[in-house]
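K.L.:
need a structure here:
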Amino acid sequence: MKKASGRRNGYGLKLDPDYRPTVSILIPTYNEEPVIGKKVENIASINYQTEKLELIVIDGGSTDATLDSATEVLRKTGLRGTVISEGGRNGKAAGLNRGLKAARGELVCISDAECEWERNALANATKYLSDPSVGSVSGIHEIRNPIETLSTNVETSYRSIYRILRIGESKIHSTPVAEGELQVFRRNDLEGFDTAIGGDDTDAALGMVKRGLRSISAQDAVFFEPTPRTWRVRFRQKIRRGQHVLQAFVKHKGMLFRARSPFSSLIFPMEFFLYVINPLLFLPFAVLTAFVLVDVPLLALASLLGLGVVTLSRSLRESAITYLTSNLTMIGAVLQEARGFKQLQWTKIDETRQQREPGVSGQVPRTTVMQKHTRC
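P.N.:
The predicted structure is shown next:
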């Protein structure tokens, strides 16, 4: 068996680059007619043996032609697949649990209908699970947008920092934040997804670390997803995602400083501070800073000069806006969580869907009632 040295891959792992187990891909859907066809076609085109793939679409009561579109494109592509109708909106985690029960692959991969994978993304992700110490592998997010705006530029800046952190943490031990657009596990390691929180990907990753396995972001497993062009939609999306990470972190707070490992003593405490503690300190710190600047004119003048330098430099300006908006979104996430609005059912963002060409137009007539289980 051909192995790659841990010293060469940077993660301290011994990998088999030819590791190609069977994979069940779970895609929860709700009103995904504009994108589900393109998603299935993307999976059919990846560099992975088709006979080793099983696609399971779990629909949460769509009111459009998602079910028919998914069924039709599965037939056209020849992918082995199942379309399951839940008949109602029970949340993403509940849909994933339904799909997990139907899965037969050695590995289980979760993904969203809106994202697309780079051709070698799944093959690159699965090879990390050839090392028995790894329990969760996530992909890396790259942004594809036809139109540049300040919002998309700031998100690109945020993603570059995010990528460095996730890969760096993974190479040290594990990263606590996962990406549900491409996340792979061994089926036997997965007990299920927690329906009480929205952060199914991060919760599952932390659950693997709790079991003594590593959770990593694979630098060569790339997926693409558009980002909102407007600030209003971007904040709505980021607050929801931030809240889901917050929920998972709070659930697993007992892992903080639990063991003498790089993850429990360094990585998780740092991320817990950034996502949970820092937003709570941000507003009081901003108010205190304002009072100090009012009382110390020279300091206020120096701050204005510094602000001018930041404004003139595009990279510094975008970095500053990234820092500010990240804190504001996490404050919004904390407030949403405090008021008990869990956001377990996701809201579709039409703006990002308009940036893509639909794979299947949804012209399949809905003349029959979809069965609970439809084999394609």
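
K.L.:
Which helix or strand contains residue 281?
P.N.:
Using DSSP states H and E, residue 281 falls within helix 278-295.

K.L.:
Next, the angle from whichever helix or strand comes after that helix to helix 278-295.
P.N.:
For helix 278-295, the following helix or strand on the C-terminal side (DSSP H and E) is helix 297-312. On the basis of axes from the mean of the first three to the mean of the last three CA atoms, to 10 degrees, helix 297-312 is oriented at 120 degrees to helix 278-295.

K.L.:
Check which element follows helix 297-312 along the chain.
P.N.:
Per DSSP H and E, the first helix or strand lying C-terminal to helix 297-312 is helix 314-338.

K.L.:
what does that following helix contact?
P.N.:
150, 153-154, 157-158, 161, 235, 238-240, 242-243, 245-247, 275-276, 278-280, 282-283, 309-311, 343 (CB atoms under 8 Å, 6 or more residues apart in numbering). For glycine as for every other residue, the C-beta is placed from the backbone atoms N, C-alpha and C.

K.L.:
again, 7 Å this time
P.N.:
153-154, 157-158, 235, 238-239, 242-243, 246-247, 275, 278-280, 282-283, 310-311, 343 (CB atoms under 7 Å, 6 or more residues apart in numbering).

K.L.:
Stretch 117-137 too?
P.N.:
Taking CB under 7 Å, 6+ apart as the rule, stretch 117-137 contacts 13-17, 19-21, 23, 42, 45-48, 107, 109, 139, 178, 182-186, 189, 204-205, 208, 211, 213-216, 218, 220-223.

K.L.:
buried ones in that stretch?
P.N.:
For stretch 117-137, the neighbour count (16 or more other CB atoms under 10 Å) marks 117-118, 121-131, 134-137 as buried.

K.L.:
Surely residue 35 and residue 115 touch.
P.N.:
No: the pair residue 35 / residue 115 is not scored as a contact, 9.1 Å apart, by CB atoms under 7 Å.

K.L.:
These two: which has the busier surroundings?
P.N.:
residue 35 (26 against 22; other CB atoms under 10 Å).

K.L.:
That one and residue 306, how far apart?
P.N.:
44 Å (CB to CB, to the nearest Å).

K.L.:
Check residue 61 too.
P.N.:
52 Å.

K.L.:
What of residue 142?
P.N.:
Distance from residue 142 to residue 306, by CB to CB: 32 Å.

K.L.:
if we can go back for a sec, counting contacts, what elements does the helix holding residue 281 pack onto?
P.N.:
Here helix 278-295 touches helix 297-312, helix 314-338, going by 3 or more CB pairs under 7 Å, 6 or more residues apart in numbering; DSSP states H and E.

K.L.:
Contacts only, for residue 218.
P.N.:
124-125, 128, 137-140.

K.L.:
Same list, the residues you listed, but as JSON lines with pLDDT, secondary structure and distance to residue 338 please.
P.N.:
Formatted as JSON lines, those follow (pLDDT from 0 to 100; DSSP: H, G, I helix; E, B strand; the rest coil; distance: CB to CB, whole Å):
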{"residue": "124", "pLDDT": "97", "secondary structure": "helix", "distance to residue 338": "40"}
{"residue": "125", "pLDDT": "97", "secondary structure": "helix", "distance to residue 338": "36"}
{"residue": "128", "pLDDT": "97", "secondary structure": "helix", "distance to residue 338": "37"}
{"residue": "137", "pLDDT": "98", "secondary structure": "strand", "distance to residue 338": "33"}
{"residue": "138", "pLDDT": "97", "secondary structure": "strand", "distance to residue 338": "28"}
{"residue": "139", "pLDDT": "96", "secondary structure": "strand", "distance to residue 338": "32"}
{"residue": "140", "pLDDT": "94", "secondary structure": "strand", "distance to residue 338": "32"}
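
K.L.:
Which pair in those residues has the greatest spatial separation?
P.N.:
The span of those, defined through CB to CB, is set by 128 and 140 at 12.5 Å.

K.L.:
Emit the ChimeraX select command for whichever of the contacts of stretch 117-137 are buried.
P.N.:
One line in ChimeraX is enough to select the buried members of the contacts of stretch 117-137, burial here meaning 16+ other CB under 10 Å:
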select :13,15,16,19,20,23,42,46,48,107,109,139,178,182,183,184,185,186,189,204,205,208,213,214,215,216,218,221,222,223
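
K.L.:
So which of the contacts of stretch 117-137 belong to helices?
P.N.:
Those of these mapping onto helices are 42, 204-205, 208, per DSSP state H.

K.L.:
Give me the pLDDT value at the residue nearest the centre of the chain.
P.N.:
The centroid of the chain falls nearest to residue 179 when counting by CA atoms, centre = their mean (2.6 Å). Looking at residue 179, its pLDDT reads 93.

K.L.:
ok, for it, nearest residue in space, not its chain neighbours?
P.N.:
residue 138 (4.3 Å; CB to CB, 6 or more residues apart in numbering).

K.L.:
any idea how far residue 248 is from that neighbour?
P.N.:
For residue 138 relative to residue 248 (CB to CB), the value is 13 Å.

K.L.:
So which of those two has more stuff around it?
P.N.:
residue 138 (29 against 26).

K.L.:
Many thanks, we can stop here.
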